[in-house]
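Peer 1: Can you look at this prediction? I've put the sequence above it.
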Amino acid sequence: GAVVSQHPSWVICKSGTSVKIECRSLDFQATTMFWYRQFPKQSLMLMATSNEGSKATYEQGVEKDKFLINHASLTLSTLTVTSAHPEDSSFYICSARGQGTANYGYTFGSGTRLTVV
Amino acid sequence: GNSVTQMEGPVTLSEEAFLTINCTYTATGYPSLFWYVQYPGEGLQLLLKATKADDKGSNKGFEATYRKETTSFHLEKGSVQVSDSAVYFCALPLSGGYNKLIFGAGTRLAVHP
């Protein structure tokens, strides 16, 4: 149990375009989802936390207008990188936490490698 | 808030060698502690966890004991394999709402035949 599906696994886009990344909990209800960014050979940096039906809470220094997060249902959260630029190229990973935390803890998606050219 | 410090890598070992990756933390109370593993090009997988002091988490031959006296959660494996080559992250929840996880810097392990 406790599977999180993240799509796409990789994407290449042109500068100025927007990219949407989806994170789905397949077999549990994810009351909270987290979005992380990881630079090469570095640790994970938390970008934002979202609760279903509420606005996301962004970490300091993360531009909420550039990284739009939607958590419209208990099984789906999306991260949209708007007007992408090469410096947005990175590995993005989502994590979901379900109701009855002790049962599931934190489950991570497989990540999305974004390359902006 | 809570914090975690993890030994820097990379760690290079021969197959069947003993592995220790150090992790220490500072925390309010006794939060759950986690080790995650990341294989090249992939997301994170939970390796093991411990939810209270003196608990020992174990999985796939890896072990870590929640030691409140030394505020440590060191990862160990008695005999590593080439397939264990990956990056290992120690993690714990940040205090406060939403219980977001914070991660150590990660330790890259390379195991050679």
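Peer 2: Okay, I see it.

Peer 1: hmm, which helix or strand of chain B has the shakiest average pLDDT?
Peer 2: Using mean pLDDT, DSSP states H and E, the weakest-scoring helix or strand in chain B turns out to be strand B:101-103, at a mean of 89.

Peer 1: beta partners for A:Gly98?
Peer 2: A:Ala30 (DSSP bridges).

Peer 1: residues in contact with it?
Peer 2: Taking CB atoms under 8 Å, 6 or more residues apart in numbering or on different chains as the definition of contact, the neighbours of A:Gly98 are A:2, A:25, A:28-31, A:104, A:107. C-beta coordinates here come from the backbone N, C-alpha and C atoms, glycine included.

Peer 1: Sheet-wise, list the partners of the strand or helix carrying B:Val37 with their directions.
Peer 2: The secondary structure element spanning B:Val37 is strand B:33-38 (assigned by DSSP states H and E). Using DSSP bridges, the neighbouring strands of strand B:33-38 in the sheet come out as strand B:44-50 (antiparallel), strand B:86-93 (antiparallel).

Peer 1: which residue packs closest to A:Lys20, ignoring adjacent ones?
Peer 2: Among residues not flanking A:Lys20 along the chain, A:Thr80 sits closest, at 4.7 Å (CB to CB, 6 or more residues apart in numbering or on different chains).

Peer 1: Helix, strand, or coil at that neighbour?
Peer 2: In the three-state summary, A:Thr80 is assigned as strand, counting by DSSP: H, G, I helix; E, B strand; the rest coil.
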